[in-house]
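1. just to be clear, the model below is a prediction. Sequence and coordinates:
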Amino acid sequence: MKVKISPSILGGSFSNIEKIIVDLDKSKAEYIHFDVMDGDFVPNLTFGAKFISDVRKFSKKIFDVHLMINRVDKFLDEYIKAGSDIITFHYEIDEDIKKIISKIKNKGIKCGLAIKPRTNWSEILPYLDLIDQVTIMTVEPGFSGQKFMNNQVDKIKNISNQIKQNNMNVEVEIDGGINFETGKICIEAGADILVAGSFLFNQGDLISSTNKMLENFN
Ligand code: DX5
Ligand code: ZN
């Protein structure tokens, strides 16, 4: 199966946001990854639904929205209205996970569930057949540019084996510290989608670095 790249705008400067989105729109990547942080669930604050809604007009790509926030239920509608195509929220929030999954699915958009490095993989098993995507964090969520955690590779293998063995229609997304080397490890472990932030932006030209990564893995 074709590996997808979801470039994370967090790796770039928001002063340049229009050009970033337009460039990613011109690239061969199918997704654009948006990291929403509330300064509460994670120790960093980024942007909210208005930001996503404002840049929606610059691209028709799939908006892959990663909510690293508490109070997902309260704010969910805003992210749906902003034009998200996939909404991923964290298993670790203190809310009714199944209720949020069905709210997202009922709106006709894809639902992802993300899992932090210190959470045991088996905890998300009860939700796997309800979602479209599982996002396995390979850094502590909060910041771009961190080092890939090798000790998460077994989690990728375990979760993707479960999906395959049970013939589930769930894609495995890996988020954090992805480059050519770590991306290869993740694909071998069962990844379908790779989120890449700082690595793509550090290469200079965003369009060519994104296309190069896609070509390298396909
Ligand atoms: C981290 C975010 C990631 C991050 C990835 O909390 O969820 O999406 O932007 O950035 P890199 O690729 O630099 O680790
Ligand atoms: Zn992310």
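-> The structure has been received and is ready for your questions. Ligands and ions are numbered 1, 2, ... in the order given.
2. what are the ranges of the strands in the chain?
-> Taking DSSP state E to define them, one finds strands in the chain at 4-7, 31-37, 62-68, 86-90, 110-115, 133-137, 171-175, 193-196.
3. ok, and the closest non-adjacent residue to the residue in the chain that ligand 1 sits nearest to?
-> The nearest approach of the chain to ligand 1 comes at Gly197, 2.7 Å away (CB to the nearest ligand atom). Where you see a C-beta, it was placed from the backbone N, CA and C, and this is true even at glycine. Distance criterion CB to CB, 6 or more residues apart in numbering; nearest residue to Gly197, sequence neighbours excluded, is Gly11 at 3.1 Å.
4. possible to save the strands of the chain as JSON lines with distance to ligand 2, mean pLDDT and mean neighbour count?
-> Shown next, in JSON lines, are these (distance: least, CB to the ion, whole Å; pLDDT from 0 to 100; neighbours: other CB atoms under 10 Å):
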{"stretch": "strand 4-7", "distance to ligand 2": "8", "mean pLDDT": "98", "mean neighbour count": "26"}
{"stretch": "strand 31-37", "distance to ligand 2": "4", "mean pLDDT": "98", "mean neighbour count": "24"}
{"stretch": "strand 62-68", "distance to ligand 2": "4", "mean pLDDT": "99", "mean neighbour count": "24"}
{"stretch": "strand 86-90", "distance to ligand 2": "8", "mean pLDDT": "99", "mean neighbour count": "26"}
{"stretch": "strand 110-115", "distance to ligand 2": "8", "mean pLDDT": "98", "mean neighbour count": "21"}
{"stretch": "strand 133-137", "distance to ligand 2": "7", "mean pLDDT": "98", "mean neighbour count": "26"}
{"stretch": "strand 171-175", "distance to ligand 2": "4", "mean pLDDT": "98", "mean neighbour count": "25"}
{"stretch": "strand 193-196", "distance to ligand 2": "5", "mean pLDDT": "98", "mean neighbour count": "26"}
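5. could the ones you listed go into a markdown table alongside distance to Lys98?
-> Converted to a markdown table, the strands of the chain look like this (distance: least, CB to CB, whole Å):
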| stretch | distance to Lys98 |
| --- | --- |
| strand 4-7 | 25 |
| strand 31-37 | 21 |
| strand 62-68 | 16 |
| strand 86-90 | 12 |
| strand 110-115 | 10 |
| strand 133-137 | 15 |
| strand 171-175 | 20 |
| strand 193-196 | 23 |
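6. got a list of what the residue of the chain closest to ligand 1 touches?
-> By CB atoms under 8 Å, 6 or more residues apart in numbering, the contact set of Gly197 is Pro7, Ser8, Ile9, Leu10, Gly11, His33, Ser144, Gly145, Ile178.
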